[in-house]
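Student: return atomic coordinates for the entry below.
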Amino acid sequence: MSLVTDSPVHSSSSDGFAAYLDAELDSESSDVSPEQGAEDDDQEAEDDGQEAENDEQESENDSDSEHKRVKRLKVEQFESIEEHPGSNSGGSLKQTLASYFEVTITKDSCTHPGVFRDLCIRCGEKMEGGSGVAFGYIHKKSQYFEDLRLGSDEIARLRDTDLKNLLRRKKLSLVLDLDHTLLNSTRLLDLTPEELYLKNQTDPLQGGLKGNLFMLNTMHMLTKLRPYVHTFLNEASKMFEMYIYTMGERSYALEMAKLLDPESVYFSSRVISQADCTQRHQKGLDVVLGKESAVLILDDTESVWQKHKDNLILMERYHFFASSYRQFGFNCKSLSELKSDESEPDGALATVLKVLQRVHSMYFDPELGDDSSGRDVRQVVKSVRKEVLKGCKIVFSRVFPTRIQAENHHLWRMVEQLGGTCATEVDASVTHVVSTDAGTEKSRRALQDKKFLVHPGWIEATNYFWLKQPEENFPVNQKKQ
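Tutor: Below is the predicted model:
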C-alpha cells in the first residue's frame, strides 16, 4: 500500500519521497525470525488443499511484489541525490528536490509534511528552524537520512501504516530500555578487588557466564547480560516489533545492540539513543514509529516516561556489579562479588515475559473479532494488572509519614492499580495489614485475627512480579523500644 494513497493532502509530487519512507517502514517491519519462517512453511503446507484461496493469494502477492519493485526504484532514485555533494547548497538541493518530486504545487497550498536539509520535501520552500521530529536512526545505510525531519501529519500517516502492517502479523510494538533492564555495565576502573576475577578469562565462574559477560576494551568496560535475556528476546520477537531506547550515547547503544542481537534479527536499526530524544532527561514515544495505543515499554525508571506511564511496565532493576549498587545507594555485596546471579526461570525477564504473553493474548483475543485496529494495549495492561491483588483488602500501619495524605502515597495507589482495595481501619473484611513494626495496634490486631501481617516490600515485589508474592517471605519484626 502506498504511503500516500489514503491521504488527500498529499499530491503526486510527494509520492516518491513518501514511497522512500514507506519502503523503509516495510523493510523495518518485515524482518522475520528463523522460527517465524519455519512457521510460515508449515502453514503453507497446511494450505495445499485450498487451491482457490492460494490462487487469489498468489495474485495479491504478485501485485504486492510489483508495488514493492516500483517503490524500490523510487528509493534508488532518491538515494542517487545523496551521491552529489553539490546538493548541500540550498539552491542546487532545492532544484534537485523539485526535479525529483516533480513539484507542481504552490508554497501557499503546501502543508510542508517534512523538511530535508531545511527545505520542504513537497514544495522546496526554505524552512527556518528545522521544525518536526527526526527519525535518523531508521536508515541503516545513509547519514543523509539524519537530515530528514517529519511533521505531525506525516508521522501520523507513517504510524497508521505501521500499525496496519503489525496487526496483520498479529504483532504490537515493544520499547526496551538497556541498563538495569536487559543488562548491567561497569567501567573497568570501578571494579572492586572482589570483582577482579571477572577480568580473568580462565576463572572457573566464566563457565557459567560464558556468552553473557563481555569485556569491551575499546570502551574500557564490562557488560553483563541479564539472565534469560536471549530466551526473552526470542519469545518476545514473535509477538512484538522491538526497539532499544536508552539515554546513553549512540556508540554505546549500538555496541549493546550487537551483544544482544549479533545477527540483527530483533532490532535491525531500531536503536534509539540520547541524541534522538526531543526533550532533555526524558524519553518519549514521539521518536518511535509505533502508535501509542499499540506500544508497550519495559524500563526500570518510571520518571523518564512522564508522558507515557500507561504504556510502561516497570522492571525490577538488575544490579550485577558493585558500582551499580553504589549508584543507587545500596551498601551490600553485589551479585558479582558474591559470585551469584539472578535466577533464570524465576527472574524478572521470565516473569515479565509471561505478562507480555498475557497482554498479547488478550489484545488479539479471537472472540473480539478480526478487526483489532480500535483496541488500546494500555487498557489491556490495566486489566491484567488489576487481576493481581483482586480480592485483597489492605490496611497500612505506620507506613506513611503523617504529613502525607494516605490516598496519595505511592503504595496506596499501587495497591489500587493491582486491583486491591485500601482501608484505614482493621475489620472482618481486611485480608492484609502492611507495617514495618509488629508492635503497633493494627499489627497486633492482624495477628490476633489471623490476618496476614506483611512488610511494605510485599506490595513492591508483587508489583514487580505481577503476581501476589508469598506473605511468609515478608515478615514484620517488632521494633525495639
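Student: quick one: low-confidence ranges for the stretch 151-300 of the chain?
Tutor: 201-210 (pLDDT under 70).
Student: that one: helices as residue ranges?
Tutor: All helices of the stretch 151-300 of the chain, identified by DSSP state H, counting those that start in this stretch, fall at 152-168, 206-209, 229-236, 250-260.
Student: want to throw the ones you listed into TSV with mean neighbour count and distance to Leu353?
Tutor: C-beta here means a position set from N, CA and C on the backbone, and glycine is covered the same way. Shown next, in TSV, are the helices of the stretch 151-300 of the chain (neighbours: other CB atoms under 10 Å; distance: least, CB to CB, whole Å):
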stretch	mean neighbour count	distance to Leu353
helix 152-168	18	19
helix 206-209	12	22
helix 229-236	18	5
helix 250-260	18	15
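Student: minimum distance to Leu222: which of these has it?
Tutor: helix 206-209 (10.4 Å; CB to CB).
Student: hmm, back to that, of the helices of the stretch 151-300 of the chain, which is nearest Gln282?
Tutor: Among the helices of the stretch 151-300 of the chain, helix 250-260 sits nearest to Gln282 (CB to CB), with 16.7 Å.
Student: just want the angle from that closest one to helix 229-236.
Tutor: 90 degrees (axes from the mean of the first three to the mean of the last three CA atoms, to 10 degrees).
Student: now helix 250-260, how far from the centre of its chain.
Tutor: 15 Å (CA atoms, centre = their mean, to the nearest Å).
Student: and it, what does it pack against?
Tutor: strand 183-187, strand 221-225, strand 240-245, strand 271-272 (3 or more CB pairs under 8 Å, 6 or more residues apart in numbering; DSSP states H and E).
Student: in its sheet, what does the longest one sit against?
Tutor: Yep, that's strand 240-245 we're talking about. strand 172-176 (parallel), strand 271-272 (parallel) (DSSP bridges).
Student: give me the contact list for that strand.
Tutor: Contact with strand 240-245 is made by 28-29, 166, 171-178, 233, 236, 253, 256-257, 260, 266-267, 270-272, 283, 288, 290, 296-297, 299, 356, 360, as judged by CB atoms under 8 Å, 6 or more residues apart in numbering.
Student: same question for stretch 248-259.
Tutor: With CB under 8 Å, 6+ apart, stretch 248-259 has contacts from 178-179, 182-183, 185, 214, 216, 219, 223, 225, 244, 246, 267, 271-276.
Student: buried subset of the residues you listed?
Tutor: Among the contacts of stretch 248-259, those classed as buried by 16 or more other CB atoms under 10 Å are 178-179, 182-183, 185, 214, 223, 225, 244, 246, 267, 271-274, 276.
Student: circling back: Thr431: which of the helices and strands packed on helix 250-260 is closest?
Tutor: Per CB to CB, nearest to Thr431 of these: strand 240-245, 35.5 Å.
Student: got the angle between the closest one and helix 152-168?
Tutor: 140 degrees.
Student: shift numbering so it begins at 494
Tutor: I'll keep to 494 as the first residue from here, and by that count the last item is strand 733-738.
Student: rewinding a little: out of the helices of the stretch 644-793 of the chain, nearest to Phe857?
Tutor: helix 645-661 (8.5 Å).
Student: which helices and strands sit right next to the closest one?
Tutor: Checked by 3+ CB pairs under 8 Å, 6+ apart, helix 645-661 has helix 508-522 packed alongside it.
Student: let's go with 10 Å and repeat that
Tutor: helix 508-522, strand 607-609, strand 626-627, strand 641-643, strand 665-669, strand 733-738 (3 or more CB pairs under 10 Å, 6 or more residues apart in numbering; DSSP states H and E).
Student: picking that back up, of all the helices of the stretch 644-793 of the chain, which lies closest to His948?
Tutor: helix 722-729 (29.1 Å).
Student: what residues does that closest one touch?
Tutor: 526-528, 667, 669, 674-676, 704-705, 719, 721, 733, 735, 752-754, 758-760, 789, 791, 811, 837-838, 840-843, 845-847, 849-850, 853 (CB atoms under 10 Å, 6 or more residues apart in numbering).
Student: just the ones of the residues you listed in strands?
Tutor: If you go by DSSP state E, the contacts of helix 722-729 have 667, 669, 676, 733, 735, 789, 791 in strands.
Student: distance to Ile648 added to these, as TSV?
Tutor: Converted to TSV, these look like this (distance: CB to CB, whole Å):
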residue	distance to Ile648
Leu667	19
Leu669	21
Leu676	30
Phe733	20
Met735	20
Leu789	20
Leu791	23
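Student: of all those residues, which comes closest to Gln910?
Tutor: For those, the nearest to Gln910 is Leu789 (15.9 Å; CB to CB).
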